[in-house]
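In: Just the structure for this:
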Amino acid sequence: MPQMSQESARLWLLLLIVTVALLSQNDAPGIIAAPFFGTSRLGRLRDALQVLNSSKWGDFSPHAAVDGAPPWQMPHYLNLTGFREADRYAWDDLAYFRDRCRQWSRHAYPPLKGADEWEHGPVPKTWQNATGTVHGRWVRRPGSAVRQGRSYNLSAIAPGINWMHSHGEWGWNVTGSHGSIVLSLLEDESNAAYEEENEEGKPPSSWGLAREIVAVADIQDEDHSAGSFAIRLHGVHWPRQGSMLLTTTTEKFLGVFGLPHLVPGPEFYNTGRGLLDQTLGKVISKKEGSTFGGSSNPWTPVVGEEISLPVPRCEYVVYLQLHALEPEYIGKDGLDDRLMPLVEQLETELRYPTGAPSNGKPDLRMSLVAWSPDCSYYLESKGPPLFPSVEGQHLVGVKSEVLLSRTRTFVFWFAAVIMAQLWLLKMQIKESNTPSTLGRISFHTAAIMVLADGMVFGVSSAWGLSATNNFLPSLILTFAAFMSMSIGAWFLSEIYTHQEPERRRAQARANNTSTSRTSPAPAATTPSPPPPPGALPLPATAGPARPSSPPIIIPSDQDIDAEIAANSSSGASALPLPTTTTTTTTTTATPTTPQPSPFASITGTLLLLGVAIFILLGLSSTWPPRLRSALVRLLSLAYLSLWTPQIRRNVWRNSRRAFTWRFMLGQSLLRLAPFAYFYLSRGGGDNILFVEPDGAVFAALVGWVWCQLVVLAVQDVLGPRVGVPAAWMPEVWEYHPVLREEGGDVEDGGSGGVGLPIGLVSSGVQGTSREGSPVTARRRSWSAAAAGEGGGGGGEERGKRREREKELRRHGMVLREIDCAICTEVLEVPVVRADGKDAAASASAAGGLVGVFARRAYMVTPCRHIFHTKCLEGWFRYKLQCPICREELPPLKVKRNTLSWIPPVKSSPPAVLRRSSPAREARGYENPWRRPPRDFTGSRTGASPKGRHRSTRRNPPLGYARWWAGWKIGCGKLFIKG
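Out: Residues are numbered from 1 along each chain as shown. Here you go, the predicted structure:
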């Protein structure tokens with residue numbers, strides 16, 4: 001049975017972990033809930049429900065006792081956990097809490113003139129369904145009594161519970177003076193509702209209808225370095241009044257059973273108690289009839305914990321009051337022309353859209369008063385009348401239907417952005433389809449893009465598993481992100497594969513450097529051979545004989561230096577070499593560890609990094625706000641630094657540009673678009689995550705991306721190493737060296753002692769070539785063909801050649817000829833003579849303007865092969881390997897403020913055509929100055945029907961040729977004289 005590789009095992013393990021994490025229910029009650037385990041707990045809940053049914057308004061009046069007061073004015077408590085006098089909760093502030101609730105209600109939803117404070121008329125002016133999400137800021141106010149964790153005896157309040165950290169600071173305790181809150185409300189109209197009967201002839205009262213509601217509050221303390229916490233609350237909503245009262249329910253506070261006694265007035269007591277009597281009784285009966293009935297708390301306030309541990313936390317009682325809708329949406333009376341309530345029409349249109357005309361979608365606004373009876377403090381929403389409107393507008397948000405619509409629009413828009421990124425990537429892959437172009441691209445730049453697309457795919461996949469209303473948009477986004485991630489990963493794998501030789505060379509250099517820095521090991525003692533028969537035995541200190549290693553024989557035909565020496569000697573091509581003793585080298589074979597495939601290693605690394613980022617972001621949800629914001633901004637900065645690795649690679653490889661400007665500008669704009677959506681939204685309510693707008697942060701991110709693009713533009717125009725000290729960068733091979741006969745050195749072409757290019761060592765100077773050589777015969781055939789077809793053109797060409805040779809000999813240089821292995825045509829190479837009278841003058845001339853023009857005609861590789869400049873540059877567009885020996889070649893050297901842009905002396909286009917890109921040639925661009933190929937007779941073929949003749953496209957236009965020749969001659973004389 002084949003065994004699974006280590007990389008495959010890691011990948012499958014990660015996929016299993018991600019699958020389990022996605023399929024787990026994070027918002028369910030804990031699997032292990034010790035406080036509510038067993039039938040005894042259900043019995044206590046049943047007793048609490050009986051207390052609620054048997055009580056009436058006024059049975060819970062926990063005010064301070066007054067000496068000499070009559071019995072009906074004495075304080076009264078309920079026999080519920082947390083509502084008893086012995087529990088010592090701060091119930092003295094209940095009257096203040098009710099008073100604050102009435103004040104918020106009168107301000108947010110004013111009553112009719114001359115009517116009771118709870119009377120608003122028969123036409124509703126607030127949202128009847130409060131399902132939605134709101135956010136805002138709060139301020140903290142202390143209570144009249146100081147309460148701490150050590151003020152309570154938890155063993156007496158909830159006997160039988162082993163509390164954790166009961167003497168330390170309680171959880172969910174807000175100590176800062178201000179902060180923010182995000183409140184998500186869920187009210188299902190199909191749930192239980194309670195409505196009292198109206199008297200005949202009277203309109204329905206504001207408190208006559210009650211519905212069940214659930215809310216999740218995410219509270220953030222911004223004044224202290226404390227993390228946020230989320231709590232779940234259960235309560236009652238009176239839709240005609242727009243008031244909601246919610247509370248937590250734990251083993252030390254049965255808030256939902258005593259909630260009717262906490263309402264702001266007796267009007268809401270009957271409907272609240274009637275609703276809770278139905279809903280609580282059904283839940284308890286369902287738990288009693290279940291096999292595992294007492295395994296969890298059905299009203300648990302804990303959010304996102306699999307195991308509910310008995311940790312003491314602060315309890316909360318929350319009052320919410322919806323604001324009346326603005327007159328611009330519902331008018332002054334709230335009725336339309338048919339005397340139908342406009343609020344109900346707006347809600348019906350949001351829930352079942354028909355395209356009916358409307359004045360817009362009003363926001364969901366409400367005021368908040370939260371009170372902790374055991375920790376004794378208040379949290380009030382920030383807004384009028386206590387605070388000016390510029391500091392806060394209480395809690396503002398949108399209905400769930402509006403939020404779903406915005407989410408759907410954002411997902412479609414984000415999917416379009418991903419598809420645009422994919423199109424740009426596809427166009428860039430067409431441009432970078434050769435080993436040379438792939439070698440210019442930074443691996444880390446492409447990896448950042450693939451990692452970002454992979455994280456989007458992971459988030460959209462996880463969200464699509466639970467998205468019921470937005471499943472189709474999430475599916476489209478998942479598909480777009482998957483395609484972008486897959487194609488990007490394939491492109492990244494191609495980059496990794498084609499840059500493998502470069503990494504091998506870098507590793508070899510690093511190994512050589514580390515080896516040279518270490519001290520040499522002591523030489524091992526050569527074991528002596530076994531003594532011959534009859535000789536004395538070896539001494540006791542002699543070590544064991546080393547086993548012989550298999551020899552590796554290097555044949556003479558693979559010795560480059562021997563081959564050059566053989567070609568340099570006279571008659572080497574005709575006479576065989578004498579037999580010499582072959583040198584053998586012994587090596588010890590070391591076992592090599594099989595490396596994982598490039599794609600597997602890339603996928604595993606990026607997957608681990610993405611999972612780590614997800615875990616870090618999940619943990620940051622409980623961090624202080626400043627630290628969490630710093631993490632998000634740091635990750636955003638790292639993500640938008642995607643062009644920084646490319647800038648470094650351009651400098652290191654000395655290449656001007658790797659990506660097209662369409663790709664760089666498009667990717668920059670598209671990847672900045674999501675940041676613009678979140679950081680530039682109006683008031684933070686227009687984005688789906690309710691992120692507060694921050695124009696300064698977005699401007700900093702845009703400026704950083706713009707700076708990177710400016711650096712890339714400077715590298716493209718002025719050179720990749722402009723402004724970078726040369727000592728910081730590795731040396732770049734000079735492909736246009738000055739060739740000299742003496743010493744065999746190639747200037748700026750590597751280490752000293754390197755001889756002339758292979759092939760030039762045995763070719764003679766023009767005029768001293770042996771009779772019968774192929775070069776001489778070919779030259780004569782060309783001259784004859786030129787003289788026969790062009791008439792006087794052949795003599796003119798021979799005259800130009802003689803003038804050129806004469807000019808070169810005057811400066812101590814000669815012409816040598818060699819065949820270019822790419823185009824198989826003759827290449828004329830100027831070489832500085834060894835017998836020159838003035839070596840300094842010859843060197844100056846070789847480095848002057850004439851020498852620069854002459855050197856641009858050829859290119860010499862580090863492996864000492866020589867080619868036409870145009871031929872090797874065209875070869876580099878596809879491979880960075882020598883066409884002859886397949887040796888890896890360094891990239892071309894890009895010079896600044898030199899004449900490197902000047903074309904060669906012979907058959908080269910103008911300067912503007914020397915910077916043609918591979919994309920132009922791939923689209924069919926043809927250089928009109930390129931020499932046509934030769935046929936089997938040695939003459940050039942053209943487009944003329946006559947066949948063999950000198951092509952008219954060989955030379956530039958006549959006017960340009962005359963101007964170019966005059967400019968060269970004048971500047972050459974000026975440089976030579978200088």
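In: C-alpha from now on. contacts and neighbour counts both.
Out: Noted.
In: Return the longest helix in this protein, judged by number of residues.
Out: Using DSSP state H, we find that the single longest helix of the chain is helix 400-431.
In: Just the buried positions in it, please.
Out: Neighbour counts over helix 400-431 (16 or more other CA atoms under 10 Å) mark 400-408, 410-412, 414-422, 424-426, 428-429, 431 as buried.
In: State the mean pLDDT of that helix.
Out: Averaged across helix 400-431, the pLDDT comes to 94.
In: try stretch 805-824
Out: Stretch 805-824 comes out at a mean pLDDT of 80.
In: same thing with stretch 706-725?
Out: The model assigns stretch 706-725 a mean pLDDT of 91.
In: In that stretch, which residues are buried?
Out: Buried-residue list, stretch 706-725, by 16+ other CA under 10 Å: 708-709, 711-713, 715, 719-721.
In: wait, which of those residues is closest to Tyr858?
Out: Distance to Tyr858, by CA to CA, is smallest for Gly719 among the buried residues of stretch 706-725, at 22.2 Å.
In: Cross-check the contact I'm expecting between that closest one and Arg656.
Out: Yes - counting by CA atoms under 8 Å, Gly719 does reach Arg656; the two are 5.9 Å apart.
In: still on that earlier bit, among the buried residues of stretch 706-725, name the ones in helices.
Out: Checking these against DSSP H, those in helices are 708-709, 711-713, 715.
In: Leu379 versus Gly176, what's the distance?
Out: Using CA to CA, to the nearest Å, Gly176 is found at 10 Å from Leu379.
In: just Pro674 next, same as before
Out: For Pro674, the distance to Leu379 - CA to CA - is 34 Å.
In: Show me which of the two is the more surrounded one.
Out: Taking other CA atoms under 10 Å, Pro674 and Leu379 do not tie; Leu379 has more neighbours (22 against 15).
In: Quick one: residues contacting the more buried one.
Out: Shown in contact with Leu379 (CA atoms under 8 Å, 6 or more residues apart in numbering): 138-141, 368-371.
In: so which of these comes closest to Ile161?
Out: Of all those, Ile161 sits closest to Trp371, with 25.1 Å by CA to CA.
In: and that closest one, that's in a helix?
Out: No - secondary structure of Trp371 (DSSP: H, G, I helix; E, B strand; the rest coil): strand, not part of a helix.
In: which residues touch it?
Out: So Trp371 contacts 97, 316-318, 377-379 (CA under 8 Å, 6+ apart).
In: Can I get those in JSON lines including distance to Met859?
Out: Below are the contacts of Trp371 laid out as JSON lines (distance: CA to CA, whole Å):
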{"residue": "Phe97", "distance to Met859": "89"}
{"residue": "Tyr316", "distance to Met859": "81"}
{"residue": "Val317", "distance to Met859": "84"}
{"residue": "Val318", "distance to Met859": "82"}
{"residue": "Tyr377", "distance to Met859": "83"}
{"residue": "Tyr378", "distance to Met859": "82"}
{"residue": "Leu379", "distance to Met859": "79"}
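In: ok, how many other residues are close to the closest residue to Asp333 other than its chain neighbours?
Out: Leaving aside its chain neighbours, Asp333 sits nearest to Val123 (7.6 Å; criterion: CA to CA, 6 or more residues apart in numbering). Residues within reach of Val123, counting by other CA under 10 Å, total 16.
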